[in-house]
Each structure stands twice: as C-alpha cells, then as structure tokens.
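[1] Need the 3D shape of this:
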Amino acid sequence: MIIMEIMYVIVFLILIGYISRHFKILDEKDRMVLNKIVIYIAMPATIFLQLLTNVAPSDLPEFMKLPIIIFISTAACALLAYIAGKRLKLDNKSLGGFVLVASIGNTGFLGYPVILGFYGEQGLLRAIFCDMSAIFCSMLLGTYIGVKLSGAKKSILKEVFTFPPLFTGIFTLILVLLHVNLSIFPEFFTKSLEYMSSATIPLIMLSLGLSLSPKAAKFGIFYGILASIFRMVISPLVAFPISESILSNQLDKQVTIMQSAMPSAMMPLVYAVIYDLDVKLVASACFVSTVVSLFALPILYTLM
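    Here you go, the predicted structure:
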C-alpha cells in the first residue's frame, strides 16, 4: 500500500501539471520557465545541500561507482538501440531520436521524486550521483548525435560541463574533498537553499505534467513501447550484475537499478527540436515510456 500511495502522489502532481495545461492555466511557455527554475535554481540547491550534508571524503570511492554503472547501462542501451534502429531501417533523424529515448533515462525529473518516495533522503543522495552520470550521458549523446546530423559547430564538452546540475555536483564534490561543510556558511544562506530545494520535487512534477501530451503517442506508439523495453528491461538487466559485482551496500544497489530503469528523459525532446531530429517519435516515446513506468517501477521496486 505504501508503494501505491507514493505513486498516487507522483501521478497526482503530474496530473495537476497536465490539467493546468489542458485548461490553459499554464501553457508551453510556463513549462520552459518551470524547467529553468528547476535546472538553474531548485535542483542545484538540492544537490549542493544533499552532497555537502551527507557525503564525507571517505564515502566518495563507493558513491562514485554508482554513476559508472549508469554510464555503462546507458552506453549499452545506446549501442543496442542503434543496432535495432538500423535493422528497422530508420532514417538518420529518426535513428538519432530513437537512440536518445532508448538510452537516456529520466533520472532527475522522475528519478528524484520516485527514489525519494521509495527510499527517503538517503536514497535521494544516491539518486543524485546516478543523475550526474545520466546528465553527462544526456549532454554527451544528445550533443554528439545532434552535431553529427546537423553539422552544428559546438563544443560538446563545454555543453556538458556548464550544465548547472552537473557543474554544481562537481563543484560540491570538490568542496567535500576539501572537508568543507555547511557550518561555515551563514545560516541565512543555508536556509535560503533549503527553501529553494523544497521546491524541486513539486516543480519537477508540474513541469513533467505540462510536458506530456497523449496526442503525441499516436505518431509512434510502437517506438514508445520499444523505448520502454530498452529503458525498463534491458537497462536494469545490464545494471544488475554490475551492481551485484562492485557494490556492497544494498541501498546503493537498489537505487542504482531503479535509476537505470527510469523512462525516457525529456532532454531528447529538446535535442530533437534543436537539431531537427524526429520530434514526433521522440515525443511519443517520452509519453508512452513515462506512462508505462508508473506501473513498471513499483513492480521493479517490489521485486527488489
């Protein structure tokens, strides 16, 4: 019952975003504003507080194994999705979009609230490490595929390392290594960060609800289901034996596998627009895999 209550809360918050869009209380422009607040303010505040409060330098060798597992599972899905796309004779634009939605998981915008609900604050801390790898993979794959297909001249590494959540994570880990803790900062500063951080989960859910469009599913439901299989079956199957081999903490294993099974991220939709990939295929996969995940993730949690 606790599992279903957590999912009810998540679905309810997503529905508020969707209903707000349906009744034109909020629109597409508002979604972009919410995303910017999350990416530039709320999520960096959460990452900074969680890492600086809960991570000691001695914890890092173990915690850094988590993003490595996510990187491997993402890379494996990208390679297998590329092979599958070639077998399906997809053109370059559709192939690029399919590889992105099949390999990049929504470890932040859906991962944070799901992991927080299932595993609490300690789970969220581990989810952040997983998300740092997912951000890196998202920026690297998205920019690489986009540049390859469009011929745009952009520095891939610059795009990756200037992304606010990843930059904040790296900066905060440096502070952790230097034995810096929150006590050196003024109380008003940490209180301000706490207020900003508390907005992360509800804003993420509202933004996700605004992003989803059932109309998109009809343009490529087959690829949405196929992407769901990659994200929620193949990816955790890759992550599971690696987690069992190199992780000793049970919570580390559970969070890593759950994060590896998150549905298609929303960032591929951004790359699809920027680099003129198959937007309909990407939008369909994002919607279908997110809906499927609302049923698949509780099942995976129960199995573990």
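[2] quick one: contacts for Ile41?
    Met196 (C-beta atoms under 8 Å, 6 or more residues apart in numbering). For every residue, glycine as well, the C-beta is placed using N, CA and C.
[3] meant to ask about Ala45, not that
    Contacts of Ala45 by C-beta under 8 Å, 6+ apart are 193-194, 196-197, 200.
[4] from those residues, which would you call buried?
    Using 16 or more other C-beta atoms under 10 Å as the burial test, the contacts of Ala45 include 193, 196-197, 200 as buried.
[5] just to revisit the earlier point, out of the contacts of Ala45, who's nearest Glu244?
    Set against Glu244, the nearest of the contacts of Ala45 by C-beta to C-beta is Thr200 (30.9 Å).
[6] nearest residue to the closest one other than its sequence neighbours?
    Ala42 (4.1 Å; C-beta to C-beta, 6 or more residues apart in numbering).
[7] Look up how far Ala265 lies from the one you found.
    Distance of Ala42 to Ala265, given as C-beta to C-beta, to the nearest Å: 17 Å.
[8] before we move on, what about Ile69?
    17 Å.
[9] swap in Leu212?
    13 Å.
[10] more neighbours, the two?
    Using other C-beta atoms under 10 Å, the more surrounded residue of Leu212 and Ala265 is Ala265, with 28 against 19.
[11] residue contacts, the more buried one?
    So Ala265 contacts 101, 104-109, 134, 138, 286 (C-beta under 8 Å, 6+ apart).
[12] Buried subset of these, written for ChimeraX?
    Burial among those is assessed by 16+ other C-beta under 10 Å; the matching ChimeraX selection reads:
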select :101,104,105,106,107,108,109,134,138,286
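[13] just curious, which of the contacts of Ala265 is nearest to Val238?
    Gly105 (11.9 Å).
[14] mind listing the helices in the stretch 1-150 of the chain by residue range?
    2-22, 28-37, 43-54, 60-63, 65-87, 92-103, 111-150 (DSSP state H, counting those that start in this stretch).
[15] give me the low-pLDDT residue ranges for the protein?
    For the chain, the stretches flagged by pLDDT under 70 are 1-4, 147, 149-161, 213, 215-220.
[16] so which strand or helix has the residue nearest to Ile225 when sequence neighbours are not counted?
    Residue nearest to Ile225 in three dimensions, not counting chain neighbours: Val288, with 6.1 Å by C-beta to C-beta, 6+ apart. Using DSSP states H and E, Val288 sits in helix 279-303.
[17] could you list every residue that touches the spatially closest residue to Pro165 that is not a sequence neighbour?
    In space, and not counting its chain neighbours, Pro165 is closest to Met43: 5.0 Å by C-beta to C-beta, 6+ apart. Counting by C-beta under 8 Å, 6+ apart, Met43 touches 108, 112, 164-165, 168, 200, 204.
[18] what does Gly123 give?
    Contacts of Gly123 by C-beta under 8 Å, 6+ apart are 115-116, 251, 254-255.
[19] Buried ones among those residues?
    Buried among these (16+ other C-beta under 10 Å): 115-116, 254-255.
[20] and of those, the nearest to Ile174?
    So of these, ranked by how close each gets to Ile174 (C-beta to C-beta), first place is Val255, at 23.3 Å.
[21] quick one on the thing from earlier: anything in contact with each of Leu212 and Ala265?
    Common neighbours of Leu212 and Ala265 (C-beta under 8 Å, 6+ apart) are Cys286.
[22] Report the separation between the two terminal residues of stretch 214-223.
    Start to finish, the residues bounding stretch 214-223 are 14 Å apart (C-alpha to C-alpha, to the nearest Å).
[23] To what extent is the spatially closest residue to Ile39 that is not a sequence neighbour buried, counted in neighbours?
    Leaving aside its sequence neighbours, Ile39 sits nearest to Pro164 (C-beta to C-beta, 6+ apart; 5.6 Å). Residues near Pro164, counting by other C-beta under 10 Å, number 16.
[24] Contact partners for Pro164?
    Taking C-beta under 8 Å, 6+ apart as the test, what Pro164 contacts is 39-40, 43-44.
[25] One more: Val38?
    Taking C-beta under 8 Å, 6+ apart, one finds 109, 200, 203-204, 207 in contact with Val38.
[26] For these, give me a markdown table that also has secondary structure and distance to Tyr301.
    Shown next, in a markdown table, are the contacts of Val38 (DSSP: H, G, I helix; E, B strand; the rest coil; distance: C-beta to C-beta, whole Å):
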| residue | secondary structure | distance to Tyr301 |
| --- | --- | --- |
| Phe109 | coil | 18 |
| Thr200 | helix | 21 |
| Leu203 | helix | 24 |
| Ile204 | helix | 19 |
| Ser207 | helix | 24 |
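[27] Quick check: end-to-end length of stretch 228-243?
    So stretch 228-243: terminal residues 21 Å apart, C-alpha to C-alpha.
[28] could you give the angle of the helix holding Val288 to helix 2-22?
    160 degrees (axes from the mean of the first three to the mean of the last three C-alpha atoms, to 10 degrees).
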